[in-house]
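In: Need the 3D shape of this:
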Amino acid sequence: DNSLVVWKEIDLNCLSDKKRRDVMNEISILSILQHNNIIAYFNHFMDKNTLLIELEYCN
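Out: Numbers count the residues shown, from 1 in each chain. As a prediction, the model looks like this:
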């Protein structure tokens, strides 16, 4: 598939424990939502202290 995607990059070192939980909650919610008016979530990866979230590209 040649669809364009965007990567949301989050530096986990800069986040409090609560903000980290909020980010993980965002991923959980995005992973189950499917609607034409909501950006699609595809995947996420952690690389050391960086969280990368793969999302649908919206132009």
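
In: Please make it C-alpha for all contacts and neighbour counts, starting now.
Out: Fine.

In: gap between the strand or helix carrying Ile27 and the chain center?
Out: Using DSSP states H and E, Ile27 sits in helix 17-32. Between the centre of helix 17-32 and the centre of its chain there are 8 Å (Cα atoms, centre = their mean, to the nearest Å).

In: quick one: contacts for the residue most central in space within the chain?
Out: Per Cα atoms, centre = their mean, the C-alpha nearest to the average position across the chain is that of Ile53, at 3.1 Å. Going by Cα atoms under 8 Å, 6 or more residues apart in numbering, Ile53 touches Trp7, Lys8, Glu9, Ile27, Tyr41, Phe42, Asn43, His44, Phe45.

In: now swap in Ser16 and tell me
Out: Ser16 sits in contact with no residue, where contact means Cα under 8 Å, 6+ apart.

In: Mind doing that once more with 10 Å?
Out: Contacts for Ser16 (Cα atoms under 10 Å, 6 or more residues apart in numbering) come out as Asp22.

In: Look up how far Asp22 lies from it.
Out: Going from Ser16 to Asp22 by Cα to Cα, to the nearest Å gives 10 Å.

In: Which residue comes closest to Cys58 once chain neighbours are left out?
Out: Using Cα to Cα, 6 or more residues apart in numbering and skipping the chain neighbours, the partner closest in space to Cys58 is Ile39 (7.3 Å).

In: tell me the pLDDT at Ser28?
Out: At Ser28, the pLDDT value in this model is 96.

In: For it, the count of nearby residues, please.
Out: Residues near Ser28, counting by other Cα atoms under 10 Å, number 12.

In: Leu51 too?
Out: Neighbour tally, Leu51, other Cα under 10 Å: 19.

In: Pairing-wise in the sheet, spell out the partners of it.
Out: Counting by DSSP bridges, Leu51 is bridged to Ile10, Met46.

In: check contacts around it.
Out: Counting by Cα under 10 Å, 6+ apart, Leu51 has contacts Trp7, Lys8, Glu9, Ile10, Asp11, Leu12, Arg20, Val23, Met24, His44, Phe45.
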